[in-house]
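>>> here is my input, please return the structure:
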Amino acid sequence: MRVVVLFLLMTTYLFASGVTYPPFIQQQIELTLKLDDDNISDSEIEEILQKKQTLYQKQLEEILENKKVYLDYKDDYASKIYKLQKIIAINKRRGNEYAAVRDEVLVRSYKILQSQNKMLREILAAMDSRSFDDFSSFVSKAFVQNQQEIGPYIDQKYKNYLQVKTQNKVVTDMKRRIEEYYAIIDINADILKTIAQNERKMYRLNKYSKYGLISAVLYVNNSAISRTLEPFLNKFNLSTAKILLIFFVVLSMVLFRISFLRLISKIFKIFDIKNKVVSKILAKTTKPVSILATMLGLHIIFYIYNDFSGSGFLGYFFRISYTVLTMWILYRVLNIIATAKIETLTKKQTAVKSELVNITIKIVNFILLLTTVLIILHQLGVNLTAILSGLGIGGFAIALAAKDSLANFFGTLSILMSNTFSQGDWIVVDDKEGVVVEIGLRVTTIRTFDNALISIPNSKLANEAIKNWSKRQIGRRIKFSVSVRYDSDKEALHRAIAQIAEFLKRHDGVAKEENAKGSKLRFEGFESAKLVSTQDALGIKNLQLVTLDELGDSSIKILVYCFSVTTNWVEWAKVKDEVVFEVMKIVEENGLKFAYPSLSLYHEEELSIKIDSAQPATIPATKRQN
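Numbers count the residues shown, from 1 in each chain. Presented below is the predicted three-dimensional model:
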């Protein structure tokens, strides 16, 4: 309830359906009317003016403390003005001049207060501007707009009605409304003056409100000690609340630095044995992170001192410092990881050359340096488009001359980053097939199976479709058909198919579902976060299929389809050999005969000629047609 009351203090909302003004406006009206008293003394005038100013300051602070409530509240001036205009029209038709004037003045008062309320809302909303200069500029425009809006409603003619001698309630109410009307005009001017004098204070208090500190700040600033020190501190753009905040920031930074160093020491002890790379990263980044935290603390202090707005040259300095320190941390982290990677590759004797990793990190370092310079230039307001355009024109001839070399170089990066193949892999590119010998900076060399050496430019290789036979862990396909004769017994066929399927399940060399268990989706030692099929990503195939596949021209065909556990060519051939021999044995044990290619020709009178590749052809006699 208190928040709502505070909110109403500076608004122009009208309580109930009467003409009672909000408490703050009503107080200001009464004080303004006292100033018009001819019998008032100079000391009383001074006292009233001081009281009015105190009220303005107090209500300004309370509105800022409850800014959101004020902005969200909706007044109903439009409905009240609409009703009054209807009443004015009726009184004019009836000839009730004084009643009509009474309500006309009240409408004008409402219009002024409505414009005032709108202006205050817009100014409060504009306090979130990025800089104080932007806010100050907006306030000036809001003042101009307010004067333009209330200009048509300011009229001196109503002062003549104050001289009316008739004594009745309508005339008394009319005179009262006229006096309040001119007082409201003066109050509107006082509000503009108060806002203009307190622009910076409002901007600062709004920042405190944004960070949830305004209640504490107002409490400190309104204390007896603060009021005593305020005149002296204001000379240095300071306040008691500012000093306390700065002290809090300094204390926090000191505690953070101590806690951070202790935390790093504990982490060193934990990771000293388990992970040397993490320890190195922490050791090398402790200093730049500590400097970055210190710079951040200093920036906050200057930000508070400058009333939570930009600080010109210091703003540039801090932004550039953040960029340099961030890039410094990235540089150290990337180089430590690259060094550890090269050591790992060397120990494992992996197919990927460590020199290529080293070249990659050098390129990354150069890109980091270039990015740092470009960011700093951008922060200093340099037109990067013009600079980059100049560099582009100057390097055009060099780029043309080195076009192929650059294309091959970027092709190398593309191959390494995509991990499509590695040295030692069996690949097929276009019509070229063989084992990768080396991935160079310009070309990739492949040793074909007839022992020829092929060199393919990396720019071309990066844009070709590549079939990699080595990117599989479990499963090299075994596929063949068994042809049996058409006169084979159906039951024997069913038994043979079932026995072949059972044999594949028992054979240790044939891939099965349990062979895939325990396999994990990993690339270069790191678990992938991609939502992909694990078996497809790793190259795991374990499908087994034995089925009656086709009724051929001269035979019934049984399809045998499976995968060997091994992907090695020699071992795969051995498994396939065992499978084929066992299938032949099962077929023979079930009394089935292997079919031979044959062709049957039928005469239209159902006399046939049968030619069998295993027997001499016989041609039966035919009857002569008449």
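
>>> what is the rounded mean pLDDT of stretch 313-321?
Average pLDDT, stretch 313-321: 83.

>>> show me what it is in contact with.
Here stretch 313-321 makes contact (C-beta atoms under 8 Å, 6 or more residues apart in numbering) with 295, 298-299, 302, 376, 379-380. All C-beta spots, glycine's among them, are computed from the backbone N, C-alpha and C.

>>> where exactly do the helices run in the stretch 351-500 of the chain?
354-379, 384-394, 396-401, 403-418, 458-461, 490-506 (DSSP state H, counting those that start in this stretch).

>>> what's the least confident stretch among the ones you listed?
Minimum mean pLDDT among those: helix 396-401, a mean of 55.

>>> on that earlier part again, and the helices of the stretch 351-500 of the chain as TSV, adding mean neighbour count and distance to Arg176?
Shown next, in TSV, are these (neighbours: other C-beta atoms under 10 Å; distance: least, C-beta to C-beta, whole Å):
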stretch	mean neighbour count	distance to Arg176
helix 354-379	14	62
helix 384-394	10	67
helix 396-401	10	83
helix 403-418	16	83
helix 458-461	20	91
helix 490-506	15	105
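
>>> could the ones you listed go into CSV alongside distance to Ile281?
Converted to CSV, those look like this (distance: least, C-beta to C-beta, whole Å):
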stretch, distance to Ile281
helix 354-379, 15
helix 384-394, 32
helix 396-401, 37
helix 403-418, 23
helix 458-461, 32
helix 490-506, 50
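
>>> which one of these lies closest to Ser223?
helix 354-379 (40.8 Å; C-beta to C-beta).

>>> helices or strands next to the closest one in the packing?
Packed against helix 354-379 by the contact rule (3 or more C-beta pairs under 8 Å, 6 or more residues apart in numbering; DSSP states H and E) you find helix 313-348, helix 384-394, helix 403-418.

>>> packing partners for the last one?
In terms of contacts (3+ C-beta pairs under 8 Å, 6+ apart), helix 403-418 is packed against helix 354-379, strand 432-439, strand 453-457, helix 458-461.

>>> what's the angle between the third one and helix 403-418?
Here strand 453-457 points in a direction 100 degrees away from that of helix 403-418 (axes from the mean of the first three to the mean of the last three C-alpha atoms, to 10 degrees).

>>> can you read off the pLDDT for the closest residue to Lys593 other than its chain neighbours?
Leaving out its chain neighbours, the residue that sits closest to Lys593 by C-beta to C-beta, 6 or more residues apart in numbering is Arg485, at 4.8 Å. pLDDT for Arg485: 88.

>>> also Phe236?
Reported pLDDT for Phe236: 77.

>>> do the one 10 residues further on as well
Model confidence at Ile246, expressed as pLDDT, equals 85.

>>> also Gly525?
pLDDT, Gly525: 42.

>>> repeat for the one 3 residues further on
Predicted confidence (pLDDT) at Ser528: the value is 45.

>>> what is the subsequent helix or strand relative to the lowest-mean-pLDDT helix or strand in the chain?
Between all helices and strands in the chain, the lowest mean by mean pLDDT, DSSP states H and E belongs to helix 2-9, at a mean of 34. Next in sequence after helix 2-9, counting helices and strands by DSSP states H and E, comes helix 23-35.

>>> now the helix or strand just after that following helix - C-alpha only, PDB.
For helix 23-35, the following helix or strand on the C-terminal side (DSSP H and E) is helix 42-65. Taking Å, rounded to 0.1, in the frame of the first residue of the first chain, the C-alpha atoms of helix 42-65 are listed here in PDB:
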ATOM      1  CA  ASP A  42       9.500  37.800   3.600                       C
ATOM      2  CA  SER A  43      10.600  35.200   6.200                       C
ATOM      3  CA  GLU A  44       7.300  33.200   5.500                       C
ATOM      4  CA  ILE A  45       8.000  33.400   1.800                       C
ATOM      5  CA  GLU A  46      11.500  32.000   2.300                       C
ATOM      6  CA  GLU A  47      10.100  29.200   4.600                       C
ATOM      7  CA  ILE A  48       7.400  28.300   2.000                       C
ATOM      8  CA  LEU A  49       9.900  28.200  -0.900                       C
ATOM      9  CA  GLN A  50      12.200  26.000   1.200                       C
ATOM     10  CA  LYS A  51       9.400  23.700   2.000                       C
ATOM     11  CA  LYS A  52       8.300  23.400  -1.600                       C
ATOM     12  CA  GLN A  53      11.900  22.600  -2.700                       C
ATOM     13  CA  THR A  54      12.200  20.000   0.000                       C
ATOM     14  CA  LEU A  55       8.900  18.400  -1.100                       C
ATOM     15  CA  TYR A  56      10.200  18.300  -4.700                       C
ATOM     16  CA  GLN A  57      13.400  16.600  -3.700                       C
ATOM     17  CA  LYS A  58      11.700  14.100  -1.500                       C
ATOM     18  CA  GLN A  59       9.000  13.100  -4.000                       C
ATOM     19  CA  LEU A  60      11.600  12.900  -6.800                       C
ATOM     20  CA  GLU A  61      13.600  10.300  -4.700                       C
ATOM     21  CA  GLU A  62      10.500   8.300  -3.800                       C
ATOM     22  CA  ILE A  63       9.400   8.200  -7.400                       C
ATOM     23  CA  LEU A  64      12.800   6.900  -8.500                       C
ATOM     24  CA  GLU A  65      12.700   4.400  -5.700                       C
END
